[in-house]
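Colleague: Sequence first, then the predicted structure:
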Amino acid sequence: MRLFAEGDCEITCVDPVKVERATRTMKPATTVAALAETFRVLGDPTRLRIVHALSTEELCVCDLANLLQTSQSTVSHSLRALRQMRLVRFRKDGKIAYYSLDDDHIASLIGEGFRHVEEQA
């Protein structure tokens, strides 16, 4: 006798039309892996707070460290990971490096994520 977990189908029943429609919308494995890596990087609370702060305006490392009440070293380390994923970019103005989001998609992604969790509360 097979035991079923809650939410499992109790019989095998495949709808080939639905499976074909879903198959046509599936993204390539490399694209899925890239998105999973983006979510992994954003899964760190410090990096997520940095991205959220940068969704409002450009800030330097000192600004971010002050805002997050953490060290400049911690912020720099997090920014390096975000830069490697091309989620943030920087520009130099004299001796100061100002950071901003790489594009509006990141702000939209974070905004939608926060709306989702706030609706759950």
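Modeller: Received, thanks.

Colleague: Check whether Ser76 really touches Cys62, as I assumed.
Modeller: No - under the criterion of CB atoms under 8 Å, Ser76 lies out of contact with Cys62, with a separation of 10.5 Å. Where C-beta positions appear, they are placed from N, C-alpha and C, glycine not excepted.

Colleague: mind checking how far Val17 is from Leu48?
Modeller: Computed with CB to CB, to the nearest Å, the distance linking Val17 and Leu48 is 40 Å.

Colleague: between these two, who's got more neighbours?
Modeller: Shown here are Val17 and Leu48; by other CB atoms under 10 Å, Leu48 has more neighbours (17 against 8).

Colleague: quick one: contacts for the more buried one?
Modeller: 42, 110 (CB atoms under 8 Å, 6 or more residues apart in numbering).

Colleague: Quick check: it vs Val75, distance?
Modeller: In terms of CB to CB, Leu48 sits 13 Å off from Val75.

Colleague: again with Ala81
Modeller: Taking CB to CB as the measure, Ala81 falls 11 Å from Val75.

Colleague: got the residue ranges for the strands in this structure?
Modeller: Ranges of strands in the chain, per DSSP state E, are 59-60, 88-93, 96-101.

Colleague: Quick one, which of these gets closest to Ser71.
Modeller: strand 59-60 (14.4 Å; CB to CB).
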